[in-house]
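>>> no sequence for this one, just the structure:
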């Protein structure tokens with residue numbers, strides 16, 4: 001079995017732009033060490049945790065509305081459910097395997113000039129496929145003809161952090177921490193509580209607007225990255241049309257880290273990290 005045999009879908013939509021997937025099955029076991037007893041060869045472990053699997057993927061951003069499995073990037077509510085509330089989950093298929101109750105752990109977007117915008121995402125599945133073989137299933141033959149590139153993106157508000165006219169790279173990451181709630185008699189969580197949501201943006205440039213104060217530098221204006229394909233198409237969710245996907249670090253966030261350096265014959269390379277605590 002090779003890569004073309006493992007098509008991926010998220011929420012029933014083919015994830016044609018995926019370039020890598022990894023699935024991990026951690027066993028929730030611990031050693032049986034009872035007082036006055038030797039460990040038995042056939043009974044060494046006890047089960048002491050929920051059934052979970054970790055899925056991580058790399059992907060490209062494609063703005064074709066007919067091939068749009070990017071619902072997981074949006075926090076807007078759908079039927080009262082959202083990533084920010086911890087209620088929103090997806091069914092993900094990998095080949096012929098189905099992973100239910102997949103909640104997003106984090107995603108990141110990496111932008112550089114003249115290359116496709118790259119993303120990565122991690123999920124925890126609380127209803128993973130188990131006890132079956134890996135089976136093949138290809139995805140649709142739809143073309144990826146609206147890939148978003150770095151030179152099609154625009155940045156606003158970064159001039160108070162770095163030399164915004166010469167931004168060479170930008171990375172954005174958003175992380176979600178949650179606690180599943182288990183009831184007696186359940187093997188999967190009955191609900192999921194959001195413990196924290198944080199975002200950070202790292203920007204590389206040729207200069208810094210102001211060296212860091214001891215408590216960091218507050219960002220006065222929103223730092224926004226608009227992303228579109230060459231023909232102006234944007235990524236929108238499938239279930240509502242009021243949003244388009246863009247990166248946004250709001251005012252009130254704080255520059256928490258800076259560094260700069262230079263080598264002989266080169267120019268100054270400066271980096272700044274902005275952190276945003278959402279919940």
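Arrived safely, thanks for sending. Computed from a predicted structure; not experimentally measured.

>>> CA atoms for contacts and neighbours, from now on please.
Noted.

>>> which regions of the stretch 101-250 of the chain sit below the pLDDT cut-off?
138-142, 164-165, 238-242 (pLDDT under 70).

>>> where exactly do the strands run in it?
118-127, 154-156, 169-181, 191-205, 217-218, 223-226, 246-249 (DSSP state E, counting those that start in this stretch).

>>> partner strands of the second one, with direction?
Same thing as strand 154-156. strand 223-226 (antiparallel) (DSSP bridges).

>>> tell me the centre residue of this structure?
residue 107 (1.2 Å; Cα atoms, centre = their mean).

>>> paired strands for the strand or helix carrying residue 93, with orientation please.
Using DSSP states H and E, residue 93 sits in strand 90-94. With DSSP bridges as the test, strand 90-94 is paired with strand 8-10 (antiparallel), strand 97-111 (antiparallel).

>>> how far out from the middle of the chain is the shortest one?
Just to be clear, that refers to strand 8-10. 15 Å (Cα atoms, centre = their mean, to the nearest Å).

>>> just stretch 168-175 next, same as before
11 Å.

>>> can you check stretch 5-23 too?
With Cα atoms, centre = their mean, you get 14 Å for stretch 5-23.

>>> name the residues of that stretch that are buried.
6-11, 13-18, 21 (16 or more other Cα atoms under 10 Å).

>>> quick one: residues contacting the residue lying closest to residue 70 once chain neighbours are set aside.
Leaving aside its chain neighbours, residue 70 sits nearest to residue 237 (6.8 Å; criterion: Cα to Cα, 6 or more residues apart in numbering). Neighbouring residues of residue 237 by Cα atoms under 8 Å, 6 or more residues apart in numbering: 68, 70-71, 74, 243-244.

>>> with neighbour count and distance to residue 161 added, can I get the residues you listed in a markdown table?
Output for the contacts of residue 237, formatted as a markdown table (neighbours: other Cα atoms under 10 Å; distance: Cα to Cα, whole Å):
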| residue | neighbour count | distance to residue 161 |
| --- | --- | --- |
| 68 | 20 | 33 |
| 70 | 19 | 29 |
| 71 | 19 | 30 |
| 74 | 17 | 26 |
| 243 | 13 | 27 |
| 244 | 16 | 25 |
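
>>> now render those residues as TSV, adding distance to residue 93.
TSV is the format used below for these (distance: Cα to Cα, whole Å):
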residue	distance to residue 93
68	16
70	15
71	15
74	20
243	26
244	25
